[in-house]
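Chemist: I'll drop the sequence and a predicted model, then ask my questions.
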Amino acid sequence: MNEENTTRREWRYVPLLTVILSLFLIVQVISGIRGYDRNEYPENVITVSGDGEVFAVPDIAEFSFGIVEEGVDVKSAQDKATTKINAALAALKGLGIEEKDIKTSGFNAYPKYEFNQIYCITTPCPQGKQEIVGYEVNVNITVKVRDIDDAGKAIDVVTTAGATNVSGISFTIDDEDSLLRDARKQAIDEAKEKAEVLADDLGVRLGKIVSFSENGGPYPIYYKTEAALMADGRGGAAPAPSLPTGENTISSSVTITYEIK
């Protein structure tokens, strides 16, 4: 009997212990949240920015060319375009340009219409009608020239093969990541130097980095060649152009926020 009474007395304390434990857990959670806020979002910070820039001579050229042909039906137009495309591809491969660097960037085939207007002197006048008079096929090819000295020759051979338009050429750098890393390091070093000077002027110490962001990248050069102008219909066949590549600018702009103490 005494043992039963003892058990009953012990069970009476269970609700009280449950309440105490719940309050303890709530206090721990609130303290944790406050501590997290203090660690992740410090109240005292400074934000600085930095810029970095490196220059490099491009080593890759890219351009696009197109073939446009007409025919009484799609097949005849496509056959004409295929003949010229094959000639252009063979000429490009003859320069040592690999198949992996030549790809089709567009293919369109659509009908050509002509509206037959009926002229009459009586009323009501019958309406004219739109009729298909042929088909046009347009194929666009993008070429990457890894031997940049052959860029002008590549443009020359495709126009000789019958390319009807050549888009603006761009000069880029194959390994841009390492150059961008150099530019980024310059930008970070500049930002850190600004932060140290500012902290010294304010009489504070720099803490950990709270946030970091970066903008920037490589800026390729675009150049419309003489061959492209000729292909646009403003002249005849042109000799292989000499294409100045100049320098590309690879830049990085960073923003760093430091906690201050």
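Modeler: It's in. Numbering: from 1, shown residues only.

Chemist: longest strand of the protein?
Modeler: The longest strand of the chain (DSSP state E) is strand 129-145.

Chemist: and the next helix or strand after that one, what does it pack onto?
Modeler: Counting by DSSP states H and E, the next helix or strand C-terminal to strand 129-145 is helix 151-160. Using 3 or more Cβ pairs under 8 Å, 6 or more residues apart in numbering; DSSP states H and E as the contact criterion, the elements in contact with helix 151-160 are strand 60-71, helix 74-94, strand 129-145, strand 165-166, strand 169-172, helix 226-229. Where you see a C-beta, it was placed from the backbone N, CA and C, and this is true even at glycine.

Chemist: Tell me if I'm right that Gly246 and Phe171 touch.
Modeler: Yes: counting by Cβ atoms under 8 Å, Gly246 does reach Phe171; the two are 7.4 Å apart.

Chemist: higher neighbour count, these two?
Modeler: When neighbours are counted by other Cβ atoms under 10 Å, Gly246 and Phe171 differ, and Phe171 comes out ahead with 24 against 12.

Chemist: what's across from that one in the sheet?
Modeler: Beta-bridge pairing for Phe171 (DSSP bridges): Ala61, Ile221.

Chemist: In this structure it contacts Ile148, no?
Modeler: Yes: contact status for Phe171 versus Ile148: in contact at 7.1 Å, counting by Cβ under 8 Å.

Chemist: low-scoring stretches of the chain, by residue?
Modeler: 1-41, 117-119, 122, 126, 128, 216-245 (pLDDT under 70).

Chemist: and with 80 instead?
Modeler: Residue ranges of the chain with pLDDT under 80: 1-43, 115-130, 168, 216-247.

Chemist: Can you list the residue ranges for strands in the stretch 151-261 of the chain?
Modeler: In the stretch 151-261 of the chain, strands defined by DSSP state E, counting those that start in this stretch lie at 165-166, 169-172, 206-219, 221-223, 248-260, listed in chain order.

Chemist: tilt between the third one and strand 248-260?
Modeler: Which is strand 206-219. Between strand 206-219 and strand 248-260, the angle comes out at 160 degrees (axes from the mean of the first three to the mean of the last three Cα atoms, to 10 degrees).

Chemist: and Gly134, what are its bridge partners?
Modeler: Lys112.

Chemist: gap between it and Val166?
Modeler: Distance, Gly134 to Val166, using Cβ to Cβ, to the nearest Å: 25 Å.

Chemist: by contact count, what packs against the longest strand of the chain?
Modeler: Going by 3+ Cβ pairs under 8 Å, 6+ apart, strand 129-145 lies up against strand 60-71, helix 74-94, strand 102-116, helix 151-160.

Chemist: And those: which comes nearest Cys125?
Modeler: Among these, the nearest to Cys125 by Cβ to Cβ is strand 102-116 (13.3 Å).

Chemist: Report the buried residues of that closest one.
Modeler: The neighbour-count check on strand 102-116 (16 or more other Cβ atoms under 10 Å) flags Ile102 as buried.

Chemist: Contacts made by it with the rest, please.
Modeler: Residues outside strand 102-116 that contact it (Cβ atoms under 8 Å, 6 or more residues apart in numbering) are 64, 66, 70, 74, 77-78, 89, 92-93, 128-144.

Chemist: try 7 Å this time
Modeler: Contact partners of strand 102-116, identified using Cβ atoms under 7 Å, 6 or more residues apart in numbering, comprise 64, 70, 74, 77-78, 89, 92, 128-143.

Chemist: Select only the buried ones of the residues you listed in PyMOL?
Modeler: The buried residues among these can be selected in PyMOL (16+ other Cβ under 10 Å) with this line:
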select buried, resi 64+77+78+89+92+135+136+137+138+139+140+141+143
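
Chemist: re the thing from before, just so I know, which of the helices and strands packed on helix 151-160 lies nearest Ser252?
Modeler: strand 169-172 (17.0 Å).

Chemist: what separates that closest one from the chain centre, distance-wise?
Modeler: 15 Å (Cα atoms, centre = their mean, to the nearest Å).

Chemist: so Phe63 touches Ser167, yeah?
Modeler: Yes: shown here, Phe63 and Ser167 form a contact pair, counting by Cβ atoms under 7 Å, at 6.2 Å.
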